[in-house]
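[1] Structure for this input, please:
(one chain, ligands or ions: 1)
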Amino acid sequence: MEEKLKAEEKKIGMTEAWLRKHRLLYTGATRHPFILSIRDGTVDIAAFKTWLAQDYLFVRAFVPFAASVLIKAYKESDDNTDMEVILGGVAALKDEISWFKNEANKWGISLSNVVPQKPNKNYCGLLDSLTRPEVEYSVAITAFWAIEAVYQESFAHCLGEGSQTPQELKETCERWGNEGFGQYCQSLQNIANLHLQKASDDELKNAEVALLSVLEHEVEFWNMSCASV
Ligand SMILES: Cc1ncc(CO)c(N)n1
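    Below is the predicted model:
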């Protein structure tokens, strides 16, 4: 595939080549007005609460998808560090779910009554479709990396220099914006690149489509959080 050659010429991974190609969409997902409003301190707390409650449901749906990637890593990767990186991610989700419950409690949100909104349902539908055994490992790991990377880039931006993120939201931003999570995302990206290097043209096409779908759903997810206000 032509793009693969281009990526090789520039000595960059396939994922980086795609992010460059789809820069506007990637920026849309990682510099969304909702994120910018957290960073500049003007965030509407009602929007934040909507995001929190909806994301709790999303993370629950993310668990079986993550487990499916773990299964694929075990079966399809000859490098067993792949599986360990993903296992770390899966294990961290237990703590993440507890964190959501605790955080919701702090904000006076009852999670048992939360109903998934349309964009959330759509995104969980994408996760479900990517969980199927027929989905190649390279495609699933690309989506997995992209989902984590969008949150990492978004929330790290809220903590960067000159940010005016309200104190009560800093812990949330730290959750995905911290250095360790950044390294974890880098590991996922490396794994994705290695497998994309060996992928067929068909697989590459599917992986690029999966990446685009993730980015589009991320934008819709942020839009949903803002629209509720
Ligand atoms: C919508 C969404 N995307 C990505 C993540 C990162 O896990 C999340 N928690 N929620």
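
[2] Remind me what the helix or strand hosting residue 185 packs against, helices and strands.
    Using DSSP states H and E, residue 185 sits within helix 179-197. Secondary-structure packing of helix 179-197 (3 or more Cβ pairs under 8 Å, 6 or more residues apart in numbering; DSSP states H and E): helix 14-21, helix 80-106, helix 137-157, helix 201-227. Placement of C-beta: from N, CA and C, glycine included.

[3] what about 6 Å?
    When contacts are defined as 3 or more Cβ pairs under 6 Å, 6 or more residues apart in numbering; DSSP states H and E, helix 179-197 packs onto helix 14-21, helix 137-157.

[4] mean confidence score for the last one?
    Going back to what we said before, that points to helix 137-157. Regarding helix 137-157, the rounded mean pLDDT is 98.

[5] quick check: angle from that helix to helix 14-21?
    Interaxial angle, helix 137-157 versus helix 14-21 (axes from the mean of the first three to the mean of the last three Cα atoms, to 10 degrees): 60 degrees.

[6] what about whichever residue of the chain sits closest to the ligand, how many neighbours?
    Using Cβ to the nearest ligand atom, residue 151 is the residue of the chain that sits closest to the ligand, at 3.9 Å. By other Cβ atoms under 10 Å, the residues close to residue 151 number 20.

[7] For residue 54, see how far away the residue nearest to the spatial centre of the chain is.
    In the chain, the residue lying closest to the centroid (Cα atoms, centre = their mean) is residue 147, at 1.8 Å. Here the criterion is Cβ to Cβ, to the nearest Å. By it, residue 147 lies 15 Å from residue 54.

[8] got the angle for the longest helix seen in the chain vs helix 80-106?
    Using DSSP state H to define each element, the chain has its longest helix at helix 45-76. Orientation of helix 45-76 against helix 80-106 (the same axes, to 10 degrees) gives an angle of 160 degrees.

[9] hang on, the earlier thing: closest to residue 35 out of the helices and strands packed on helix 179-197?
    Comparison of those against residue 35 by Cβ to Cβ identifies helix 137-157 as nearest, at 4.7 Å.
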